[in-house]
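In: My questions are about this predicted structure, shown below with the sequence.
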Amino acid sequence: MTSSDAATTTQVGGSPLPPPVSAEPHGLGTSLRPADAQAKAQGTFPYAADLWAEGLLWAAVLRAPHPHARIVSVDTSEAAAMPGVRAVITHEDVPGDANHGRTAADRPAFARDVVRHYGEPVAAVAADHPDTARLAVAAIAVEYEVLEPVTDPEKSFESDPVHPDGNLVRHIPLRYGDPDVTGDVVVEGLYRVGRQDPAPIGAEAGLAVPRPDGGVEIYTACTDPHTDRDLAAACFGLTPDQVKIVVTGVPGAMADREDLSIQLPLGLLAMRTGCPVKLAANREESFLGHAHRHPTLLRYRHHADAEGRLLKVEAQILMDAGAYADGSSEALAAAVAFAAGPYVVPHAVVDGWAVRTNNPPAGHVRGEGALQVCAAYEGQMDKLAHQLGIEPAELRARNVMGTGDLLPTGQTVTCPAPVAELLAAVREAPLPALPSELPEDEWLLPGGPEGAGEPSAVRRGVGYALGMVNVLGAEGADEVSTATVKVDGPVATVLCAAVDTGQGFTTLARQIVQETLGVDEVYVAPVDTDQPPAGPAARGRHTWVSGGAVERAAKMVRTQLLQPLAAKFGMSAELLSIADGKITSYDGVLSTTVAEALDGKELWATAQCRPHPTEPLDDTGQGDAFVGMAFAAVRAVVDVDVELGTVRVVELALAQDVGRVLNPEQVRARIEAGLVQGMGAALFEHLRVAKGVVRHPDLTGYPLPTSLDAPALRIVKLVEERDVVAPFGAKSVSSVPVVVAPAAVAAAVRAATGRPVNRLPIRPQAAVVTG
């Protein structure tokens, strides 16, 4: 494929029509190249920030400079009078529902009487130049009465309400077994997990175009377009069919991009001006405009017998939801359900709370809830091992769960749970060599050659961690997706509103159709809300439900294709097979090509995939809340300068339960990316907030791991034990490495220093050894 081919065939939000390449891998289990790979590598793939329209206006948003304040007055007259300004809007210009929200309609499009967090939208401007729009925003005069912010979630219970709905978003009291059981050995710990940001490589951007019928079309990189459409339409005072969301290329998403910080101001300004309006956030606006991982405080008490077998886990989990509910209920459910980790625990007493504060809103970020508790329960396992004098990996091996065991929610683990096998794999993997003492290898020391202390101060540590995540949504969520497959001549087309956020759904859809129908050329249409809904791109949903819908639709087309041939030859369609574009019978009597069998006909079918239902957790935290689970084990090797507190991750070795590998290269890429993101949560990433004010919301103040920080990444083993209820038997692969890697790094630093290490990210002072 030439560069000119890439430039002419790329489709916004979808995959380009690939040319027939017979030598390319074909079908499931192969590493089919993503159709957009070349365009992305060459920089020709279009993202929302690249969009343009005739008569374009530019938008800018005024954000609150206080975490908590009463709005006394808003004067937009000076901004509106500036040359080039076409519209200025506030909460008074929202014609529909005043509030919106995915789980609770508690967030205004623009702050009305009260500002509840730093950076909350107060007004927006459309102008003929982006600089004019920003100058106009600066000219809006807002008088605030500054109020004392509630920033400590522990004080939120007794503070004045942050929101009319109160400060408590949700409380889950889990009770399992006998609450009075006491172990021979008891260890306690207090743990804190910080505010990790998704930090997508591309900041939020979008384009809104007004329609002649009074509606609006919005082009943006969202991950749940139908929910966005419905919420936006309600705010706009329109019906859902008057709002169309078109998904552009997504420049990175990790269960985030579910905020309406782009869609609402864009749509309102486009309808007000009658012109296309574009908004492209800078990095500071991106940090302030989207949700972050829930900062969490966790108190744990583990009980075990003298042999190290767990008897009871007690935990109190407090999640800071920020100013609005967002995804806090779901994150809390995962945290409470997985509070004991992938271990057999006969008794549990867990209380989880999510509370509102005047801190920035938290929401969906990969592994929400599960990451926070993994850091805590694995810290407890290390404490317990130390108390008992048992090697940490051995203690874990004595307690791992398997298929048929129960979660503390009372749910039976019916999916494959090869946790013991995963742990054994990372334990048995060879350890990396110790660093050389030669001067030219000093760059291998923590801090590098300019920042490292004496080599004699560097200690090596090895740590283990096990973790788990839920696959798909939970607690009764209707996890359904719809797909249509069409075949016309040598080309098959897939229509499915599953957004490819980088997880590779468009490639998977091509592989499914190739394998089922024997067609090489498969085109995946761009996503918009004219298609039936497929749900959000999170928690491995699209591999399961959207991939399942594509498979079912493709099989229906296959039946349409084969039945006439089977009838003609007096045999069952089940006796015919399709491979490499050819249809053959079991006995070789029939042999023809797919193209000949089609004979110019267009075949199509639409199908849905809906997994078995789940149920909400009850008043004691009991219930079958999850469709499935995925597991991983990680061994971290670190070098720590115990005088400076600097940490270098030498290696992360992983074994993971994947169900079935559908695309080896994509599985490896997703796992490696997850490990590095998890390492970032362990050592670097924390959005600093002081008294509710975000400090340094940029990529200087918020450090991310780079290629120089990335350790050796070893995928020791991928366990392919298929989940019989999942299409293809595959599981989510992206989230669980993110969940487990931070706990493993913390365990390794504990091993190197002997310090407790109870906070993520790990501060240098926590790794310093004195005396």
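Out: Done, it's in.
In: Now the phi/psi pair for M629, please.
Out: Backbone torsions for M629, taken as degrees, to the nearest 10, come to phi -140, psi 160.
In: What pLDDT is listed against the closest residue to it other than its chain neighbours?
Out: Excluding the flanking residues, the one nearest M629 by C-beta to C-beta, 6 or more residues apart in numbering is M468, at 5.3 Å. Glycine gets a C-beta too; all of them are placed from N, C-alpha and C. Note for M468: predicted pLDDT of 97.
In: What count of nearby residues applies to M468?
Out: For M468, the count of nearby residues is 29 (other C-beta atoms under 10 Å).
In: neighbouring strands for the host helix or strand of it, and are they parallel or not?
Out: Using DSSP states H and E, M468 sits in strand 458-474. Neighbouring strands of strand 458-474 in its sheet, by DSSP bridges, are strand 626-641 (antiparallel).
In: buried sites along stretch 127-136?
Out: 127, 130, 132-136 (16 or more other C-beta atoms under 10 Å).
In: pull the CA atoms of it into PDB?
Out: Once non-C-alpha atoms are left out, stretch 127-136 reads as follows in PDB (Å, rounded to 0.1, in the frame of the first residue of the first chain):
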ATOM      1  CA  ALA A 127     -15.500  33.800  17.600                       C
ATOM      2  CA  ASP A 128     -13.900  33.900  14.200                       C
ATOM      3  CA  HIS A 129     -10.400  33.200  15.500                       C
ATOM      4  CA  PRO A 130      -9.200  31.000  18.300                       C
ATOM      5  CA  ASP A 131      -7.200  33.900  19.800                       C
ATOM      6  CA  THR A 132     -10.200  36.100  19.700                       C
ATOM      7  CA  ALA A 133     -12.300  33.500  21.500                       C
ATOM      8  CA  ARG A 134      -9.700  33.200  24.300                       C
ATOM      9  CA  LEU A 135      -9.400  36.900  24.700                       C
ATOM     10  CA  ALA A 136     -13.200  37.100  24.900                       C
END
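In: centre of the chain versus it, how much separation?
Out: Averaging C-alpha positions (C-alpha atoms, centre = their mean, to the nearest Å) puts stretch 127-136 33 Å from its chain's average.
In: what's in contact with it?
Out: With C-beta atoms under 8 Å, 6 or more residues apart in numbering as the test, stretch 127-136 has contacts from 57-60, 79-80, 82-86, 88, 125-126, 280.
In: same check, this time on stretch 638-647
Out: 435, 444-447, 451-454, 457-461, 463, 648-650, 683, 745, 748-749, 752-753, 762-769.
In: Inside strands: which ones of those residues?
Out: 458-461, 463, 648-650 (DSSP state E).
In: Could you give the number of residues near G410?
Out: The number of residues near G410, taken as other C-beta under 10 Å, comes to 17.
In: For PyMOL, write the select line for the buried members of the contacts of stretch 638-647.
Out: To isolate the buried members of the contacts of stretch 638-647 in PyMOL, using 16+ other C-beta under 10 Å:
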select buried, resi 435+444+445+446+447+452+453+457+458+459+460+461+463+648+649+650+683+745+748+749+752+753+762+766+767+768
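In: mind listing which of the contacts of stretch 638-647 are in helices?
Out: Mapping the contacts of stretch 638-647 onto helices (DSSP state H) picks out 451, 683, 745, 748-749, 752-753.
In: Can you tell me which of these is nearest V557?
Out: V745 (47.7 Å; C-beta to C-beta).
In: what sits against the nearest residue to that closest one once chain neighbours are set aside?
Out: Nearest non-adjacent residue to V745, counting by C-beta to C-beta, 6+ apart: A682, 3.8 Å away. Applying C-beta under 8 Å, 6+ apart to A682 gives the contacts 649, 741-742, 745-746, 760-762.
In: Redo those as CSV? Include pLDDT.
Out: Below are the contacts of A682 laid out as CSV (pLDDT from 0 to 100):
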residue, pLDDT
V649, 95
A741, 98
P742, 98
V745, 98
A746, 98
L760, 96
P761, 97
I762, 96
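In: can you list the residues you listed in CSV and add distance to G623?
Out: Shown next, in CSV, are those (distance: C-beta to C-beta, whole Å):
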residue, distance to G623
V649, 38
A741, 29
P742, 28
V745, 33
A746, 31
L760, 29
P761, 34
I762, 35
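In: of all those residues, which two lie farthest apart?
Out: Among the contacts of A682, V649 and L760 lie farthest apart (C-beta to C-beta), at 13.7 Å.
In: Helix or strand next in line after the lowest-mean-pLDDT helix or strand in the chain, which one?
Out: Taking mean pLDDT, DSSP states H and E as the measure, the chain has helix 3-9 as its least confident helix or strand, at a mean of 31. Note on helix 3-9: by DSSP H and E, the next helix or strand toward the C-terminus is helix 37-42.
In: Just the buried residues of that following helix, please?
Out: Result for helix 37-42 [16+ other C-beta under 10 Å]: buried residues 38-40.
In: ok, of those, which one's closest to A632?
Out: For the buried residues of helix 37-42, the nearest to A632 is K40 (27.7 Å; C-beta to C-beta).
In: separation between the closest one and M401?
Out: 40 Å (C-beta to C-beta, to the nearest Å).
In: where do the helices sit along the stretch 51-200 of the chain?
Out: Counting by DSSP state H, counting those that start in this stretch, the stretch 51-200 of the chain has helices at residues 77-80, 130-139.
In: could you dump those helices to JSON lines with mean pLDDT and distance to C235?
Out: What follows is those, written out as JSON lines (pLDDT from 0 to 100; distance: least, C-beta to C-beta, whole Å):
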{"stretch": "helix 77-80", "mean pLDDT": "96", "distance to C235": "22"}
{"stretch": "helix 130-139", "mean pLDDT": "96", "distance to C235": "20"}
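In: Correct me if wrong: I583 contacts A597.
Out: Yes: assessed by C-beta atoms under 8 Å, I583 is found in contact with A597 at 5.7 Å.
In: where do the contact lists of the two overlap?
Out: Common neighbours of I583 and A597 (C-beta under 8 Å, 6+ apart) are 561-562, 565.
In: in the stretch 101-250 of the chain, which spans are strands?
Out: 107-108, 114-115, 121-127, 141-146, 168-176, 185-193, 205-210, 216-220, 243-247 (DSSP state E, counting those that start in this stretch).
In: Nothing else from me, thank you.
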